[in-house]
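Q: Predicted model follows, preceded by the sequence.
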Amino acid sequence: MRRLMLITMILMLMLGVSSVNLWAEDVPGSNPPLVEQSETAPPPLPAEEDPAPDPGGASTLKTDPGLAVDFVWVLVCAFLVFFMQAGFAMVEGGFCRAKNVSNLMMKNAMDMAIGSLGYFAVGFAIMFGADKMGLIGTDGWFLLGDAYDVSKYQLFIFQLVFCATAATIVSGAVAERLKFSSYLLYTVAVSAIIYPIYGHWVWGGGWLSSLPFGLGHLDFAGSGVVHLVGGAVGLAGAIVVGPRFGKFSENGKPNAIPGHSMSLAALGTFILWFGWFGFNPGSTLSAHELRIAVIAVNTNLAAAAGGVAAMGVMYLKSKKFDIGMTLNGILAGLVAITAPCAWVEAWAAVVIGLVAGVLVVLSVLFLENIGVDDPVGAVSVHGTNGIWGLISLGLFADGTYGNYTTEAPYVTGLFYGGGAGQLIAQVIGAAVCFLWAFVLGLIVFKVIDATYGLRVQPTEEIEGLDAHEHGTPAYPNFWILK
Amino acid sequence: MRRLMLITMILMLMLGVSSVNLWAEDVPGSNPPLVEQSETAPPPLPAEEDPAPDPGGASTLKTDPGLAVDFVWVLVCAFLVFFMQAGFAMVEGGFCRAKNVSNLMMKNAMDMAIGSLGYFAVGFAIMFGADKMGLIGTDGWFLLGDAYDVSKYQLFIFQLVFCATAATIVSGAVAERLKFSSYLLYTVAVSAIIYPIYGHWVWGGGWLSSLPFGLGHLDFAGSGVVHLVGGAVGLAGAIVVGPRFGKFSENGKPNAIPGHSMSLAALGTFILWFGWFGFNPGSTLSAHELRIAVIAVNTNLAAAAGGVAAMGVMYLKSKKFDIGMTLNGILAGLVAITAPCAWVEAWAAVVIGLVAGVLVVLSVLFLENIGVDDPVGAVSVHGTNGIWGLISLGLFADGTYGNYTTEAPYVTGLFYGGGAGQLIAQVIGAAVCFLWAFVLGLIVFKVIDATYGLRVQPTEEIEGLDAHEHGTPAYPNFWILK
Amino acid sequence: MRRLMLITMILMLMLGVSSVNLWAEDVPGSNPPLVEQSETAPPPLPAEEDPAPDPGGASTLKTDPGLAVDFVWVLVCAFLVFFMQAGFAMVEGGFCRAKNVSNLMMKNAMDMAIGSLGYFAVGFAIMFGADKMGLIGTDGWFLLGDAYDVSKYQLFIFQLVFCATAATIVSGAVAERLKFSSYLLYTVAVSAIIYPIYGHWVWGGGWLSSLPFGLGHLDFAGSGVVHLVGGAVGLAGAIVVGPRFGKFSENGKPNAIPGHSMSLAALGTFILWFGWFGFNPGSTLSAHELRIAVIAVNTNLAAAAGGVAAMGVMYLKSKKFDIGMTLNGILAGLVAITAPCAWVEAWAAVVIGLVAGVLVVLSVLFLENIGVDDPVGAVSVHGTNGIWGLISLGLFADGTYGNYTTEAPYVTGLFYGGGAGQLIAQVIGAAVCFLWAFVLGLIVFKVIDATYGLRVQPTEEIEGLDAHEHGTPAYPNFWILK
Amino acid sequence: MQKVTAVIRLEKFEEVRNALERKGYPGMMLTRIEGHGQQKGLTQQFRGRQYTIEMLPKFKLEIVVKDEDVKEIVQTIIEAARTGSTGDGKIFVSPVTEVYRIRTGETNEAAL
Amino acid sequence: MQKVTAVIRLEKFEEVRNALERKGYPGMMLTRIEGHGQQKGLTQQFRGRQYTIEMLPKFKLEIVVKDEDVKEIVQTIIEAARTGSTGDGKIFVSPVTEVYRIRTGETNEAAL
Amino acid sequence: MQKVTAVIRLEKFEEVRNALERKGYPGMMLTRIEGHGQQKGLTQQFRGRQYTIEMLPKFKLEIVVKDEDVKEIVQTIIEAARTGSTGDGKIFVSPVTEVYRIRTGETNEAAL
Ligand SMILES: Nc1ncnc2c1ncn2[C@@H]1O[C@H](COP(=O)(O)OP(=O)(O)O)[C@@H](O)[C@H]1O
Ligand SMILES: Nc1ncnc2c1ncn2[C@@H]1O[C@H](COP(=O)(O)OP(=O)(O)O)[C@@H](O)[C@H]1O
Ligand SMILES: Nc1ncnc2c1ncn2[C@@H]1O[C@H](COP(=O)(O)OP(=O)(O)O)[C@@H](O)[C@H]1O
């Protein structure tokens, strides 16, 4: 298996390199998306002949007084995205058992903390530094030197919270049995390497953004870059660490392991929904793209449709209004709309959300049936629907909005007469994204497992990670059953 | 009783129609409030000769570059209002018993989801579409056609979260015994019909906004449109579905049924207070009205005063610092200030809040004494204080701010020498609002009850809705008492 | 002891007065910081020859249309800071026992409510009214008269939420044994007197801001004004009220009293971290200072570093990943970066956070060892690290940003060749701040204790404040152990 | 003396307690247990996966009384707790040899 | 052998446990119960409506001991658990005929 | 009749229940208790301060059976609940003199 993985990765990297060689010059309009801005908002990442870095901000403002509102917009959206960490913590905590809640809270707090430091040290430089062959960025380490600039810092904080989101998704998939120290190691790998490199390919001016189909691979706010990366690494983690004790009967039949708090799970879902209004609309990186209103509407409608669809499917199946699956459905709709949110109209967002709600149910049940234990449904929510989001963009993009700009060329999908080009770019991107993250994830978890040990001892798992790894039961005043 | 209701409604509709006939031409300055904007911010709802719809946003921005900050303001405020859904979920969950928490979480999630789709499909068109006789809007269904425009989408997302708020208020009043499927039906009725039609009358250019008293009926951010509508439908629901088992002793004496989590209830209250800063100040729909600062201050002071007053009254009565009532008092202050927030100054906001805090205590105890079981106090918080908010506007408006504009004519209430005109408009509006929502609510709930069944089986109620309707107890790891 | 206190205070006041006499004329560039604005944003606090107060906002906007975005920025940040109240409630609730949770929720709700009214009535006038001898402000009572102005209201709402934060910090330090009514009294004292007077000295144009060292005492967003004040009063409170029953064994050995919910504590920490993005960046009071991006980055990195350091130290000590201490470490990093956030670069923020994380661990253990019982670590988080934050500014300020302006003179610390001047100003400020708040805190708590009684009865403490003071157990459906 | 142990439905507790109080037996210990008998479990589901709760929540009531009171107590409980469907519960009687009141040190029947 | 069952106040548990340990009786089962006796309930309120909690939280302690140890155990508990106000609780003694240690299969007094 | 009271590990409950069911003893009462015996407590910490949990969570299982079934029940439980480390728990047997089924009023062995 290891051999297979290595080969895949090498192939993938070669694909990347060759694509750069082949395409780099061919595609005149190939823009690193985030660098492109509407005319009213100058690029946050300055071009080659950089002006002097501006740590105070006065000279940047002088170039365009309209930047004040762009900064407000991007920062407020970044804050909302940050708050999603609380949402993930609550959803994961709520869907797991009381005896592991301190552990999950720590994981969610520390992937933000460690992820911040990792992305600060190297991740940001890899993702947005000066491009090398379409594969990797190479400057801005530790935000030193020329990176001490208000525009760079602004981009950093926004991208950082995205990186932390990718990292935190995994903690749900491997919950209730992963060693905490291994989790810290994994977090470094994701935030400093796996996420930034792939991110560079799509958002940092790398090769995927210059694919010679459609306008290159597009992913508005990160169905792929953030969610599929997180979901695929999570899948790798769930496979390598194996299922929880009791998840499968001797005969392989999956058992339900109910989560300890539906109120926290629902709260977390609301927080995520709320934060997603920063995630998607904020990804314009400019308030001067009034398209943000359309993005906000689409985000909300897809979430609503995802919840309704998941609830409906489950009701047909079991005559119960299944809260866990409904909450997953809402999140599935949000993940799916993340890539296409800027390029589709409201009815399409509803359709994308409905499909996402059905997909998440099928995916959750399928994964359990093949023996993968993902306690909170992270792989189905973020992985499966990350892929669906990327693809749906190639279908529903309606040709009213360009490549992070209101200017032509506009993005047009199959259903709107844009031909299959964009769809092909999306499928390629989705495949590369999944492979990259899944294979790297397998490597990271296998290496940790072989060298350090990935999983807690059986008694620790049975008595709860809280008592053993943290010494602090989450609810010491309550009479706990399991 | 049914006859009575029908007659009332017909009368009310006739009142509406005739008022349109009588007054429509008489009142030259009768503006649909939300359509009016300060000079720096062009109207989000364009006038008759619409420019071409602008889905990308570039041409809209060209008409006024200042729109970027308006969009940021309105969207961020809409996000905050969205987050109030989490607040409602926590308050309602916290004030009810553990055995029904999954149910309440589902209700709060699904009224947002279903409400979003209903408002998207028809509600928005009814509320803000081209006016027909002051009664109803008639275009923009499914946001199709000309509604695919950044300004329309911006208005939609802001109004949608208001609609969802109105819908969600009801779930508290009918908590712990309503069938979940009936709740879904009811949600469609509120978000697609009851709320949008009344909303059209006040905010969509309908007849109430052109009443020939004062500047017409005014309701800045919705003490009436949102809260009284929600509270009155909730009252209807609580009456039709009847009290919970055990709420009243055989002799009719009301019993306390303590809620399962004061930490969640308090968290919810804080979230609502937070979200209200989007609700009220955001209702300018323009950041160029610096009056938003005054609105924010008033919102906060009324909440504070409401909490202090409710706590004080209860302390005098029982020598206890009653947390449930204090939290209700805070919310009561917020509801009351919602209508007048833009037209009064800080000391008046304090007075309005103090009165609200007293009113909510009296109202809660009164409703229980006459046999209405409202588990979370939704009717008293949103209904009673919605009325008080509308009326207080007619008393305290101080003549410094106009009809959603900083331009004259200014709104002036009784205490500031404006005469009784505005007060009369407010009283009429409050009466119409209550009647409309209460009667329609009665009809909806009665119809559901007669055709489909409104209430769960007694054993389901006793063992909890979670186990029966959802199959998922909210806290399976804890030793639950009731 | 009382004598000592009085003398100290008198000395301090004399120091203040004399410093005014001595320095007021000497220091030409001594600006009341908040009054100073970047050129694009006119001062929110108008100078001597005030224009007419502008309650509607139209004429203010006319002076500078850019104010729309400044208002949006300041208001949204104020809302975020408000939300920190929920964070404090959750952290304090989570770190205390289930039997006192209703009490803690009430305290956190009511210090916001009472604090709002107190600050409205007198606090704001004392802090930002026309300066008298560098000691106290003297107009704007009840926001009446000339204070009815959009700029004043905007400043009020932002400052109010800061005041409430200072007040709420104390509730953690005196949790689980203070009488609720005494807490209300204390809240009035802090929000109407202790906080505003000190705040005037630093932010209202008072004597500390014109110290003849560096640019005078600086405290960007309130490591001192807000956090150290809160922490020092909390220390006074914890000392006067004494430790909880069972906190210390007969031999004086401190015992652990585990908090009842790590999920709420973690949620609260996330909320606080989120709110801090309003606290720090919002303190520019202007969106036209693009430096806000740097401030946001620094805020985040210090939090991350604080969490990592605290976790690391505790792991070395106990081989456990201690969740309570890690959460405290995150908050410690946030407190420490609050003063220097605008004047340092990213790597320095990391260092400041790391030190804060270590300090908080040492401080918590030290305070317990000397017999002070601070149930949630408020003194160590806000007090100890408030001091560290003030001092770190004098070390790490890098000379890229001025006194709430992008214009020179820039603030430069010891490590960047600015000499010891700024450091001296910081040390003086920190000492004055601690003394002022601690001594006034001692007086307030001692007076309440002597006249009214500060602490609940032993049986009330044992059976829980909820049952006795509020009559409402927080979790009546659960089988509670302690 | 005897200990009467009754397993009853949660929702029947108030009625049983009131009935006992009317008969003058206020002293009792109430424990929240999970019971299993002929009553069939509830099918539940979590995130789409079904499971059965075999153990259902019940209250266990323990009352220590004089030998001669056992009959009446048992009768009172049976009447108040019966619904007629499976899951109504059971009553067990077992001997108690000594009783002490901690507050006063009184013993046996005086301590009841 | 005998089972000594003691109902005590929550806050007295630590003291009782320490006293028992000092006397060398570490084995016990602790159950959280709600008790009712002469102690009067607490008046509480929720959203303005008052109610009385008649059942108050208590701990039930069960210790199985040799017949000859019953006296000492009872004495130890009474001393450690007494406050002198109503609600101090009661102690019941009842016979146990067999004891097994699951780990080793040892029986009766050897298993204690 | 006899009451068999078994203290077992939380995680062993499913196995014990299944074993009992296979032998045909479905009726039982399950209580969540905290136990103390030879098993040593867990060292925990809260905000940097360590403490020991001496009382560990256990399940108490109570089954009332006919006298002749006691042996088999005890054997079944011992087999299913044993891990071999301290903390496996104990089994106590004590007499029950009367049994009633609340639903039907049946008594004694008919009520089991
Ligand atoms: N043999 C037994 N030993 C101990 N408890 C029992 C026994 N049989 C039944 N119970 C208890 O009585 C409760 C009711 O029993 P069940 O058989 O469901 O009721 P019913 O006899 O009314 O049909 C069970 O939940 C269990 O707690
Ligand atoms: N007859 C009884 N049977 C079982 N438990 C009892 C009985 N009487 C009292 N208790 C238990 O003892 C506890 C203390 O009883 P109470 O009468 O309040 O105390 P005191 O005897 O000190 O006044 C009660 O809460 C209850 O749990
Ligand atoms: N004398 C006793 N009386 C009542 N319960 C006991 C007694 N001794 C042990 N127990 C119960 O049995 C459990 C297991 O006892 P322990 O000594 O830890 O196990 P083991 O005998 O397997 O070493 C304890 O947690 C306690 O609940």
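A: Okay, I see it. Ligands and ions are numbered 1, 2, ... in the order given.
Q: Just want the residue of chain A that's nearest ligand 3.
A: Residue nearest to ligand 3 within chain A (Cβ to the nearest ligand atom): A:Glu463, separated by 14.0 Å. Using the backbone N, CA and C atoms, a C-beta is placed for each residue, glycine as well.
Q: just chain D next, same as before
A: Proximity of chain D to ligand 3 (Cβ to the nearest ligand atom) peaks at D:Thr31, 15.2 Å away.
Q: How about the residue of chain A closest to ligand 3, nearest residue that isn't a chain neighbour?
A: A:Lys99 (7.1 Å; Cβ to Cβ, 6 or more residues apart in numbering or on different chains).
Q: so the one you found, which of the three states?
A: A:Lys99 carries the three-state label helix when classified by DSSP: H, G, I helix; E, B strand; the rest coil.
Q: That one: neighbour count?
A: Using other Cβ atoms under 10 Å in any protein chain shown, the number of residues around A:Lys99 comes to 26.
Q: Read off the pLDDT value for it.
A: pLDDT for A:Lys99: 97.
Q: Okay, strands next: where are they in the chain?
A: Unless you meant another one, I'm taking chain A. All strands of chain A, identified by DSSP state E, fall at A:131-132, A:136-137, A:398-402, A:410-412.
Q: Chain D was what I was after
A: Taking DSSP E, the strands of chain D run over residues D:2-9, D:28-36, D:42-46, D:49-53, D:56-65, D:90-95, D:98-101.
Q: Out of these, which one sits most buried?
A: strand D:2-9 (a mean of 24; mean count of other Cβ atoms under 10 Å in any protein chain shown).
Q: Flag every residue of chain D that's near chain E.
A: Within reach of chain E by Cβ under 8 Å from any Cβ of the partner chain, chain D has these residues: D:3, D:17, D:26-31, D:64, D:94-103, D:105, D:111.
Q: Pairing partners for D:Thr31 in the sheet, please.
A: D:Lys60 (DSSP bridges).
Q: show me the contacts for the residue lying farthest from the centre of chain D.
A: Within chain D, the residue lying farthest from the chain centre (Cα atoms, centre = their mean) is D:Gly48, at 35.8 Å. Residues counted as contacts of D:Gly48 (Cβ atoms under 8 Å, 6 or more residues apart in numbering or on different chains) are A:Met314, A:Lys317, A:Ser318, A:Asp322, A:Gly324, A:Met325, A:Val361, A:Val364, A:Leu365.
Q: same question, D:Asp67
A: D:Met1, D:Gln2.
Q: ok, so what distance separates it from F:Pro95?
A: 14 Å (Cβ to Cβ, to the nearest Å).
Q: Please apply the same query to A:Leu208.
A: Computed with Cβ to Cβ, the distance linking A:Leu208 and F:Pro95 is 78 Å.
Q: Could you list the contact residues of chain D toward chain F?
A: Counting by Cβ under 8 Å from any Cβ, chain D sits next to chain F at D:2, D:6-8, D:31-38, D:54-55, D:58, D:60, D:70, D:74, D:77-78, D:81-95.
Q: Near ligand 1, list only the ones from the residues you listed.
A: Counting by Cβ under 6 Å from any ligand atom, D:Val7, D:Gly35, D:His36, D:Gly37, D:Gln38, D:Lys58, D:Thr86, D:Gly87, D:Asp88, D:Gly89, D:Lys90 from the residues of chain D next to chain F sit close to ligand 1.
Q: Pick out whichever of these sits closest to ligand 2.
A: D:Val7 (15.5 Å).
Q: Can you tell me the closest non-neighbouring residue to that closest one?
A: In space, and not counting its chain neighbours, D:Val7 is closest to D:Gly89: 3.9 Å by Cβ to Cβ, 6+ apart.
Q: and the one you found, how many residues sit next to it?
A: Other residues near D:Gly89 number 28, with proximity taken as other Cβ under 10 Å.
Q: Tell me which residues touch it, please.
A: Counted by Cβ under 8 Å, 6+ apart, D:Gly89 has contacts D:Ala6, D:Val7, D:Ile8, D:Arg9, D:Gly35, D:Lys58, D:Ala81, F:Ile102, F:Arg103.
Q: any idea how far ligand 1 is from the last one?
A: F:Arg103 sits 4 Å away from ligand 1, taking Cβ to the nearest ligand atom, to the nearest Å as the criterion.
Q: was I right about that residue contacting D:Ala81?
A: No: the pair F:Arg103 / D:Ala81 is not scored as a contact, 9.1 Å apart, by Cβ atoms under 8 Å.
Q: Would you mind telling me which of the two has more residues around it?
A: Of the pair F:Arg103 and D:Ala81, D:Ala81 is the one with more neighbours under other Cβ under 10 Å, namely 24 against 21.
Q: what sits against the residue nearest to A:Cys433 when sequence neighbours are not counted?
A: Closest residue in space to A:Cys433, ignoring its immediate chain neighbours: A:Gly224 at 4.4 Å, by Cβ to Cβ, 6+ apart. Residues in contact with A:Gly224, defined by Cβ under 8 Å, 6+ apart, are A:Val202, A:Ala339, A:Gly386, A:Ile387, A:Gly389, A:Leu390, A:Gly429, A:Ala430, A:Cys433.
Q: Please repeat the previous calculation with a cut-off of 10 Å.
A: Listed by Cβ atoms under 10 Å, 6 or more residues apart in numbering or on different chains, the contact set of A:Gly224 reads A:198-199, A:201-202, A:208, A:217-218, A:231-232, A:338-339, A:386-387, A:389-390, A:393, A:426, A:429-430, A:432-434, A:436-437.
Q: The longest helix along chain D versus strand D:90-95: what angle between them?
A: If you go by DSSP state H, chain D has its longest helix at helix D:70-81. Computed with axes from the mean of the first three to the mean of the last three Cα atoms, to 10 degrees, the direction of helix D:70-81 lies at 160 degrees from that of strand D:90-95.
Q: wait, what's in contact with D:Arg17?
A: By Cβ under 10 Å, 6+ apart, the residues touching D:Arg17 are D:Ile8, D:Tyr25, D:Pro26, D:Met28, D:Leu30, D:Phe59, D:Leu61, D:Ala80, E:His36, E:Glu54, E:Met55.
Q: can the residues you listed go into a markdown table with extra columns for distance to A:Ser182?
A: Shown next, in a markdown table, are those (distance: Cβ to Cβ, whole Å):
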| residue | distance to A:Ser182 |
| --- | --- |
| D:Ile8 | 49 |
| D:Tyr25 | 58 |
| D:Pro26 | 57 |
| D:Met28 | 51 |
| D:Leu30 | 45 |
| D:Phe59 | 44 |
| D:Leu61 | 49 |
| D:Ala80 | 56 |
| E:His36 | 51 |
| E:Glu54 | 51 |
| E:Met55 | 47 |
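Q: just those residues: which has the poorest pLDDT?
A: On pLDDT alone, D:Pro26 ranks lowest of the contacts of D:Arg17, at 82.
Q: picking that back up, pLDDT value on the residue of chain A closest to ligand 3, please?
A: 92.
Q: State the distance from it to chain B.
A: Relative to chain B, A:Glu463 is positioned 14 Å away (Cβ to the nearest Cβ, to the nearest Å).
Q: Could you check how many residues crowd around that residue?
A: Neighbour tally, A:Glu463, other Cβ under 10 Å: 20.
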